[in-house]
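> generate coordinates for the sequence data below:
(2 chains)
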There are 2 protein chains.
Amino acid sequence: MEPFKLTQDVLVTIKALIGAQNALELTEFFTDFHYADIAEVVNELDTKEALFLIRTLDSERTGDVLTEIDEDQREEILKELSAVEIATELSELDTDDAADIITELPTELAQEVISEIEDREHAAEIIELLRYDENSAGGLMAKELIKVNENWTVTTCVREMRVQAEHVTRVHSIYVVDNENVLKGRLSLKDLLISPNNTHIKEVYIPKVDYVTVNEDPEEVAKIMAKYDLEAIPVVDEMKRLVGRITIDDIIDVIKEEAEKDYQQMAGITQDVYADDSILDLTKARLPWLIVGLLGGLGAAFIMGTFEAIINDHAILFFFTPLIAAMAGNVGVQSSAIIVQGIANDDIKGSISARLSKELLLALLNGFILAAILFVCTWIWKGEVLTASAISLSLIAVIVIAGLIGTFIPLFLHKRGVDPAVATGPFITTSNDIFGILIYFWIAKLILGL
Amino acid sequence: MEPFKLTQDVLVTIKALIGAQNALELTEFFTDFHYADIAEVVNELDTKEALFLIRTLDSERTGDVLTEIDEDQREEILKELSAVEIATELSELDTDDAADIITELPTELAQEVISEIEDREHAAEIIELLRYDENSAGGLMAKELIKVNENWTVTTCVREMRVQAEHVTRVHSIYVVDNENVLKGRLSLKDLLISPNNTHIKEVYIPKVDYVTVNEDPEEVAKIMAKYDLEAIPVVDEMKRLVGRITIDDIIDVIKEEAEKDYQQMAGITQDVYADDSILDLTKARLPWLIVGLLGGLGAAFIMGTFEAIINDHAILFFFTPLIAAMAGNVGVQSSAIIVQGIANDDIKGSISARLSKELLLALLNGFILAAILFVCTWIWKGEVLTASAISLSLIAVIVIAGLIGTFIPLFLHKRGVDPAVATGPFITTSNDIFGILIYFWIAKLILGL
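Below you'll find the predicted structure:
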């Protein structure tokens, strides 16, 4: 099948069918649709249309549609559905997806929805998941998994597995636990099939199994699963009891969100926003760093104000302040980005001073090349060797210091347990702007003997 | 098992064993090690030590170790291994990983290695993979998969699958092809097990199967697999013949590399570099955008030079140029980052003019708030209402234009088929610096009646 593409034509057809309340044809139209494609359609409908579509299609797919659509659209739809309707949708979902939707509901409605879920075991599992911090392995895991007791025989095991498998979309691994539900290892399907019926699982399981604990950071889980090419990983509590399982599709979302967050932070955007968000949300996300930038610019202006006395004889020094600020900012962002990425990949080994020495050499090399270009241009423009030298030498100093600040700050924050990504972008640019201009005037004054 | 952590102590022990050429104890030490952990160790060894370790351990694991270690280290190790030794390592690898390593070898050595691979079918498959562009679905896929002919009976099918499964680490899906190897669908293991032995596959397979063609962009493959939560996807050629399969672990690498590339581009780093790369590589990656920034700064200086006549009476205008440049840059980066991310997520719908109108409103809102702050600060500082007004009003104009440029450029590049991510970071900052300062002086001159 070629991947589905939502065209304007298709959308018009769907909207017409909804408008005519033609449930029969709608059901037929969507027969072969994947829930992810239906979600794409629902995102383009208004709430009323979306509600009609969701009520028309079977809850087996619409449950998944609800987890896939945009948060805003989901919020609007959930407002209109009754507790019983929401409970029906959640009954079809894996526990982790159901828990995610319940977290978005107002407390009272959430209670009501949980009490309306018919399968009480499913409800209990969802409630258990709600206890965990969203930003932990516990908040990411699902209760759906296949586990067998080490004391079972092969016969019991096969029978029990059949029952459990009904609730699990993809089996991946069979986990082995003891009577206290403590994770002991995993079972290979092949070993299970070739063992005599009365063999105990204890005798055939593989004790080597990777796992994470409920409190583990999702980023760390992602690293482990990517490193060992795992498609699922069991989650245990503090007493090593098996409590859930994380699958690779959830980890892909973690990796993508993490990357988006770092990207937005470097661009000076403080919260998770999308191009389609409201102007108010976008302003809230963009204004804070702009204000910091403004204050930085004011700082630079005050610094330049203190050098006002030399403006008549050395106007050219003032012409180069945007250049100095820009270079300080660019060098700072480059060096901090490399460090932040290195930290994220666990690539940063060795001491902070070794890193700073390397950056010093690098900044000197870049600085000399750039200063040479600047010297030639300025000399040709104004014909003053001394002024050209002063500006160029200041540039080298500014680049070196900007590089060192860009290297040091993320390393320092990381050592202190703070996410170093907050130090990229406007933070580095703004502080380097101020430092850069200050250093620039000092050195220039020194060389020009002012 | 708790995830492995490579400590200094462990490394010292390993280095001592290698130093003493104690092959026996080394083999024992590494018995239960995952190849990804061995790779982590090898990255910390010098080439000689790494060679000894690789020659000591069984090629079943060291093949995988070679694919996991850093590229520089791999290059050094491959230089020292003979063609026969490399061929032995490659024989243990999946075809996609083997092809990736062969691409890194000098042409002659590559030829020799291929001719030394004992399993000629494996060699032929590797050669086939070498034909595809690295940056396509063909370059990403492996030949290892399970496929059955629609004309086979269930009995033949099970027998053939058993043979094929020997080469496939994870089965994921059973693909169904016709006599011409054209992909027809997939087979559920359950359907296979419950069908009578003489049933033809034709009668039981599921014709619905997602696939991609060999020329598909890896990013597009990643989007499809993430959207439909697929753990593997078949790859077909232009005639819809089944030629390979892409698994989710390779897609995770694609997603990560893509995110790193965008991040580095925004930071003004032109090639894929890591904190541990040589100073020369790092300079090559960082210098180009710094030169662009320098030229931008020179442009700004020339523009300010043309306004030199007013410097005596309005020095304060010059003090605010770094602020104006910084704000123009920050606003531009914010708006372009949101658009670039929206394009990457297929979230940007509607016309360019609709986007620009939204950004106009947003920039006006941000601009007024920031201008108000700037007005108050400048007024308090210098006590001149007219100058404070001129600077503040210019700031609004600069923010609006910077926002529009930041929104328009990536949308325009995307329409032209160019990766919009190249327009983030220094590109936007530098062009906005120049435009910003030009607009600022024009408007300020206008208001001050100069």
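
> contacting residues around the closest residue to residue A:447 other than its chain neighbours?
Nearest residue to residue A:447, sequence neighbours excluded (Cβ to Cβ, 6 or more residues apart in numbering or on different chains): residue A:390, at 4.0 Å. To be clear about C-beta, it is placed using only N, CA and C from the backbone, and glycine gets the same treatment. Listed by Cβ atoms under 8 Å, 6 or more residues apart in numbering or on different chains, the contact set of residue A:390 reads A:317, A:443, A:444, A:447, A:448.

> which helix or strand contains residue A:390?
helix A:385-415 (DSSP states H and E).

> in that helix, what counts as buried?
Buried residues in helix A:385-415, counting neighbours by 16 or more other Cβ atoms under 10 Å in any protein chain shown, are found at A:387-411, A:413-414.

> what's the answer for stretch A:226-238, then?
Those would be A:226, A:227, A:228, A:229, A:230, A:231, A:232, A:233, A:234, A:235, A:236, A:237, for stretch A:226-238 by 16+ other Cβ under 10 Å.

> I'd say the second one and residue B:36 touch.
Right, the one you point to is residue A:227. Yes - here residue A:227 lies in contact with residue B:36, judged by Cβ atoms under 8 Å, at a distance of 4.8 Å.

> residue B:297: which of the buried residues of stretch A:226-238 is nearest?
residue A:226 (40.9 Å; Cβ to Cβ).

> tell me which residues in the helix or strand harbouring that closest one are buried?
Applying DSSP H and E as the criterion places residue A:226 in helix A:218-227. Buried residues in helix A:218-227, counted by 16+ other Cβ under 10 Å: A:218, A:219, A:221, A:222, A:223, A:224, A:225, A:226, A:227.

> run through who's touching the next helix or strand after that helix.
Per DSSP H and E, the first helix or strand lying C-terminal to helix A:218-227 is strand A:232-236. Strand A:232-236 is contacted from outside by A:137-138, A:141, A:145, A:170, A:172-173, A:175, A:182-183, A:209-214, A:216, A:221, A:224-225, A:242-248, using Cβ under 8 Å, 6+ apart.

> could you rerun that using 7 Å?
The contact list for strand A:232-236, computed with Cβ atoms under 7 Å, 6 or more residues apart in numbering or on different chains, reads A:137-138, A:141, A:172-173, A:175, A:183, A:209-214, A:221, A:224-225, A:242-248.

> over to stretch A:128-142?
In contact with stretch A:128-142 (Cβ under 7 Å, 6+ apart) are residues A:94-96, A:99, A:102-103, A:143, A:212-218, A:221, A:235, A:244-246, A:250.

> just the endpoints, please. Distance across that stretch?
10 Å (Cα to Cα, to the nearest Å).

> and it, how far out from the chain's middle?
How far stretch A:128-142 lies from its chain's middle: 16 Å, per Cα atoms, centre = their mean, to the nearest Å.

> for that stretch, buried residues please.
Result for stretch A:128-142 [16+ other Cβ under 10 Å]: buried residues A:129, A:130, A:132, A:136, A:137, A:138, A:139, A:140, A:141, A:142.

> of all those, which two lie farthest apart?
By the measure Cβ to Cβ, A:130 and A:137 form the most distant pair in the buried residues of stretch A:128-142, at 15.0 Å.

> looking at the stretch 51-200 of chain A, which residue is nearest chain B?
Residue of the stretch 51-200 of chain A nearest chain B, by Cβ to the nearest Cβ: residue A:170 (7.5 Å).

> could I get the contacting residues of the closest residue to residue A:23 other than its chain neighbours?
Counting by Cβ to Cβ, 6+ apart, residue A:23 lies nearest to residue A:56, which is 4.7 Å off, once chain neighbours are set aside. Contacts for residue A:56 (Cβ under 7 Å, 6+ apart) come out as A:23, A:26, A:27.

> count of residues packed around the first one?
By the measure other Cβ atoms under 10 Å in any protein chain shown, the count of residues near residue A:23 is 15.

> same deal with the second one?
Using other Cβ under 10 Å, residue A:26 is surrounded by 17 other residues.

> that one is in what secondary structure piece?
Element membership of residue A:26, judged by DSSP H and E, is helix A:23-29.

> now that helix: average pLDDT?
The average pLDDT for helix A:23-29 rounds to 92.

> counting by contacts, list what it packs against.
With contacts defined as 3 or more Cβ pairs under 7 Å, 6 or more residues apart in numbering or on different chains; DSSP states H and E, helix A:23-29 has these neighbours: helix A:8-19, helix A:47-56.

> tell me the buried residues in that helix?
residue A:26.

> is the helix or strand containing residue A:155 positioned near chain B?
Applying DSSP H and E as the criterion places residue A:155 in helix A:154-165. No - residues of helix A:154-165 contacting chain B under Cβ under 7 Å from any Cβ of the partner chain: none, with a closest distance of 10.3 Å.

> next helix or strand past that helix?
strand A:174-177.

> so how far is that next one off the chain centroid?
That offset, for strand A:174-177, works out to 31 Å (Cα atoms, centre = their mean).

> direction included, what does it pair up with?
Within its sheet, strand A:174-177 is paired with strand A:146-149 (parallel), strand A:183-187 (antiparallel), according to DSSP bridges.

> got a list of what residue A:25 touches?
residue A:17.

> please apply the same query to residue A:409.
Contacts of residue A:409 (Cβ under 7 Å, 6+ apart): A:336, A:423, A:428.

> kindly report the same for residue A:260.
residue B:341.

> quick check: which element contains it?
Short version, using DSSP H and E: residue A:260 is in helix A:248-266.

> how about the residues of the stretch 51-200 of chain A near chain B?
Checking the stretch 51-200 of chain A against chain B by Cβ under 7 Å from any Cβ, there are no hits.

> next one, pLDDT for the residue nearest to residue A:23 please.
Model confidence at residue A:56, given as pLDDT, is 91.

> how close does it get to residue B:294?
From residue A:56 across to residue B:294, the span is 62 Å (Cβ to Cβ, to the nearest Å).

> beta-bridge partners for residue A:246, please?
residue A:233.

> which pLDDT value belongs to the closest residue to residue A:364 other than its chain neighbours?
Using Cβ to Cβ, 6+ apart and skipping the chain neighbours, the partner closest in space to residue A:364 is residue A:400 (6.3 Å). Here, the pLDDT recorded for residue A:400 equals 95.

> just the one 3 residues further on next, same as before
We note a pLDDT of 94 for residue A:403 in this prediction.

> what is the burial count for residue A:203?
Residue A:203, neighbours per other Cβ under 10 Å, totals 10.

> distance of the closest residue to it other than its chain neighbours from residue A:13?
Spatial nearest neighbour of residue A:203, chain neighbours left out: residue A:195 (7.8 Å); criterion: Cβ to Cβ, 6+ apart. Here the criterion is Cβ to Cβ. By it, residue A:195 lies 56 Å from residue A:13.

> now do residue A:145
Counting by Cβ to Cβ - residue A:145 and residue A:13 are separated by 41 Å.

> by mean pLDDT, flag the weakest helix or strand of chain A.
Ranked by mean pLDDT, DSSP states H and E, the weakest helix or strand in chain A is helix A:189-194, scoring a mean of 78.

> what lies in contact with that helix?
If you take Cβ under 7 Å, 6+ apart as the criterion, helix A:189-194 is touched by A:154, A:157, A:174, A:204.
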